[in-house]
Each structure stands twice: as C-alpha cells, then as structure tokens.
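Asker: 3D, please:
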Amino acid sequence: MRAKLFYLGLIASFIASGALHYLHADSTLQFVVSCAAIIFVAGFLGKATESVAHYAGERLGGFLNATFGNAAELIIAIFLVRDGLFDMVKASLTGSIIGNLLLVLGLSVLAGGLKFKEQTFNVKLASHNASLMFLAIIALVIPAVFSRSFTIKETNMLSIFVAALLIIAYLLWLLFSMVTHKTELADQVVAGHAEEEHPAWSAKLSVFLLLLATVMTALVSEWLVGTVHEFSAQFGLSELFIGAFLIAIIGNAAEHSAAVFLALKNKMGAAVEIAVGSSLQIALFVAPVLVIASWMMGNPMDLVFTFYELAAITVAVLIAKSISQDGQSNWYEGVLLLVVYLILGIAFFLV
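Answerer: Numbers count the residues shown, from 1 in each chain. Just a heads-up that it's a prediction; the model follows:
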C-alpha cells in the first residue's frame, strides 16, 4: 500500500510540475510543486540505485548514482555557460562540491549513525579520495593565484590545460579504482550488520529504471531552476547564495536521498561513494568539461573561482578528510559536517 501511494505521488507530482511549467503558472507555485516532485523523483532514483548496487556492488552502484545525478547538473550548466552566466555556473559548482561533502555526507553519517553505533567503509578508498580532493583544491587555486599576473588569454589557456589534465587524472582514477586495484578498494561489509534484501527488480529492469529516474530528475530540475530567479527575487536572495546553495541543493536532491537511504541500510561504502565520489566528479570532470565546452562554443570560461568559493571548498575538503580518513563514522561526525555546512550557508547568505 505504501509503495502504491509513493508511485502515485511520483506520477502526480511529476505531471503537475511539467504542466505548471509549460502553462507558465505562478513561479512560487511552480517552485513548491517542483520541490515536491524532486522529493518523489529522488526517492525513485534512490530505490533504483540501491537495486543496481545489489547487482553491481556498492562502489559501482554509488558511482552510477553520482554520474547520473551529475549528468542532469552538467546539462543545466552547459545551457548557463552558453548564455555566458559563468559566475552562476561557478557558484553552483562550488555549492555542489561543498553540498556533497558536507550536507549529503553529513546527513548520511548522521542518519546511519543513529541507527548503527558505528559504520565502516574502505579506509584505503578514503585515503585515495582525500588525495583526489586535495588535487581538486590545487587545480582551482593555481589558476586563481596566477590569473593576477596573466592576461585573459593566458588565463584561459592555463584553464584549458588544467581542465584537460584533470579529465585525464579522473579517467585514470576510474581505471585504477574500478579495474587495476578493484579488490583493494572493494566494499567492506561487517558481518551481522548489513541488511540483506532481495531487490524487487531484475538487473536489466533496475538499469532501465535508473535511466528513467535520471531523465525525470533532469526534467524536474530544469523546471525548478527556471523558477529560482523569480522566487529568489521575491525573498531577496543573492545570486551567490542562489548558485552555491539553492540550485546546488535542488540539483543534488536525488543524491541526497539515495546516500541517506543506503546509510540507513548500513551500506556506508555506497553512501560515501555517492557523496565524496560526486564531489570529485564535479571538481575533476564536470567543471573541466564545462571549460572545454565553453571554449568550443567560442565563449571560454576560465577556472578562476572567487576567494569565497575557494575558501568554502577548502574548508569542506579539510573537515571531510578529517572525518573519513579512518574508514569509520558515527552520528556525531555527521553533526560536525552539518554544522560546517550551516556556517558556510550563513556566510554566503550575508555576502
């Protein structure tokens, strides 16, 4: 009965959100209905991801969730880049990185820690993730520092080279973690703790529903983002706050729920892969792809982020590394991550 109500709500909210968008209804009403639709679609994506993870393993399942979740954001960002809204794009990228490291990981660790006293995941994977996060910081700091002495042409050239190197590094990381060192970075499951369940869907159906949920997420996210500017104007929200927090939270809603659901089932390895893996994918792949795509469009975007954005990303990486480096988590560590996220949120709001 509960499942039927969920799918009824999913279909109804999705149709209502689309109808309001194409009928150009009141922006506030569109925003509220689209938020409701995102919640249902996120739950649907979480179920599909969990089912795929059962067949493919937690790491691959988490990677697929992060990839499909970021695909929607990448599509939206490409349209923003095309229109030359570079500041909004960089703010939303910043929000996605800190949102996944602090909000998604924080909620997952808190929720899982309240149900299980202590949860574990692969410590070697956590160490490699930390190194990759520091690589992301270095790749963002260098262009920002050297741009003070460079011309616009030189800054764009440096950004393109850095973007290409980051994409290569990310692809090699996938080869390293999924192929050559797959066993060493395999999921850790504590006997007697994980809840073994048989998925309701077959492997092929799970993959199809994951693709369907991703398409629905992309559509609802686009409808929702289209109402953000008018909605924010009514409440006096700044562009930096909109890009770094509002759009980022909306765009990553699916990953939020999926990671929390997996943590509640003591599948912390998959939850960490979604949260941290998604941040790495944004920093090492999505942002570089946008730089190269903008260059191909003839309107190049550089990798020069503002001081506030760099500070926020650095703080998020430091606290996430400190908490995840031992391969164990508890509910209080989730609280710490969420506190840092709230501090940054207040700071961005005031800016």
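Asker: Next one: the nearest residue to residue 284 once chain neighbours are set aside from residue 48, what distance?
Answerer: Counting by Cβ to Cβ, 6 or more residues apart in numbering, residue 284 lies nearest to residue 170, which is 4.0 Å off, once chain neighbours are set aside. The C-beta positions use only the backbone N, C-alpha and C, and glycine is treated the same way. For residue 170, the distance to residue 48 (Cβ to Cβ, to the nearest Å) stands at 24 Å.
Asker: The two - which one has more neighbours?
Answerer: residue 48 (28 against 21; other Cβ atoms under 10 Å).
Asker: Please identify the helix or strand for that one.
Answerer: Using DSSP states H and E, residue 48 sits in helix 27-56.
Asker: which helices and strands sit right next to that helix?
Answerer: On a contact count with 3 or more Cβ pairs under 8 Å, 6 or more residues apart in numbering; DSSP states H and E, helix 27-56 meets helix 2-22, helix 58-82, helix 203-235, helix 253-264, helix 268-281.
Asker: Just the buried residues of the helix or strand harbouring the residue nearest to residue 284, please?
Answerer: Applying DSSP H and E as the criterion places residue 170 in helix 152-175. In terms of neighbour count (16 or more other Cβ atoms under 10 Å), helix 152-175 has its buried residues at 155, 156, 158, 159, 160, 162, 163, 166, 167, 169, 170, 173.
Asker: got a list of what the first one touches?
Answerer: The one in question is residue 155. 143, 146, 147, 302, 304 (Cβ atoms under 8 Å, 6 or more residues apart in numbering).
Asker: Where does residue 129 sit, in terms of helix or strand?
Answerer: Using DSSP H and E, residue 129 falls in helix 123-146.
Asker: if we can go back for a sec, return the distance of the residue nearest to residue 284 relative to residue 286.
Answerer: Taking Cβ to Cβ, one finds residue 170 at 10 Å from residue 286.
Asker: ok so, going back, outside of the helix holding residue 129, which residues touch it?
Answerer: So helix 123-146 is contacted by 59, 97, 101, 155, 158-159, 162, 165-166, 169, 173, 177, 184-185, 269, 272-273, 276-277, 279-280, 283-284, 302-305, 307, 310, 313-314, 317, 320-321, 324-327 (Cβ under 8 Å, 6+ apart).
Asker: ok, of those, which come out buried?
Answerer: So, by 16+ other Cβ under 10 Å, the buried ones in these are 59, 97, 101, 155, 158-159, 162, 166, 169, 173, 177, 185, 269, 272-273, 276-277, 279-280, 283-284, 302-305, 310, 313-314, 317, 320-321, 324, 327.
Asker: What pLDDT does the model give residue 106?
Answerer: As predicted, residue 106 sits at a pLDDT of 92.
Asker: Show the contacting residues for it.
Answerer: Neighbours of residue 106 in contact, by Cβ under 8 Å, 6+ apart: 334, 335, 336, 337, 338, 341.
Asker: now with 7 Å?
Answerer: 334, 337, 338, 341 (Cβ atoms under 7 Å, 6 or more residues apart in numbering).
Asker: Could you report the neighbour count for the third one?
Answerer: Residue 338 is surrounded by 17 other residues when neighbours are defined as other Cβ under 10 Å.
Asker: The one 10 residues further on now?
Answerer: By the other Cβ under 10 Å criterion, the neighbourhood of residue 348 contains 22 residues.
Asker: That one is in what secondary structure piece?
Answerer: Per DSSP H and E: helix 331-350 holds residue 348.
Asker: which helices and strands does that helix pack with?
Answerer: Applying 3 or more Cβ pairs under 7 Å, 6 or more residues apart in numbering; DSSP states H and E, we find helix 331-350 packed against helix 105-115, helix 239-241, helix 307-324.
Asker: contacts for the last one?
Answerer: The reference is to helix 307-324. 90-91, 94, 97-98, 101-102, 105, 126, 130, 133-134, 137, 140-141, 144, 272, 276, 329, 333, 336-337, 340, 344, 351.
Asker: Among those, name the buried ones.
Answerer: Here, 16+ other Cβ under 10 Å leaves 90-91, 94, 97-98, 101-102, 105, 126, 130, 133, 137, 140, 144, 272, 276, 329, 333, 336-337, 340, 344 buried among these.
Asker: Checking residue 84 next. Helix, strand or coil?
Answerer: Using DSSP: H, G, I helix; E, B strand; the rest coil, the three-state assignment for residue 84 comes out as coil.
Asker: how about it, phi and psi?
Answerer: phi 80, psi 20 (degrees, to the nearest 10).
Asker: Make CSV from the contacts of residue 106 and add distance to residue 232 and pLDDT to it.
Answerer: Below are the contacts of residue 106 laid out as CSV (distance: Cβ to Cβ, whole Å; pLDDT from 0 to 100):
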residue, distance to residue 232, pLDDT
334, 29, 92
337, 26, 94
338, 23, 93
341, 20, 92
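Asker: And those residues, which is closest to residue 219?
Answerer: For these, the residue nearest residue 219 by Cβ to Cβ is residue 341; the value is 27.5 Å.
Asker: Not counting its neighbours along the chain, what's nearest that closest one?
Answerer: Using Cβ to Cβ, 6+ apart, the nearest residue to residue 341 is residue 102, at 3.7 Å.
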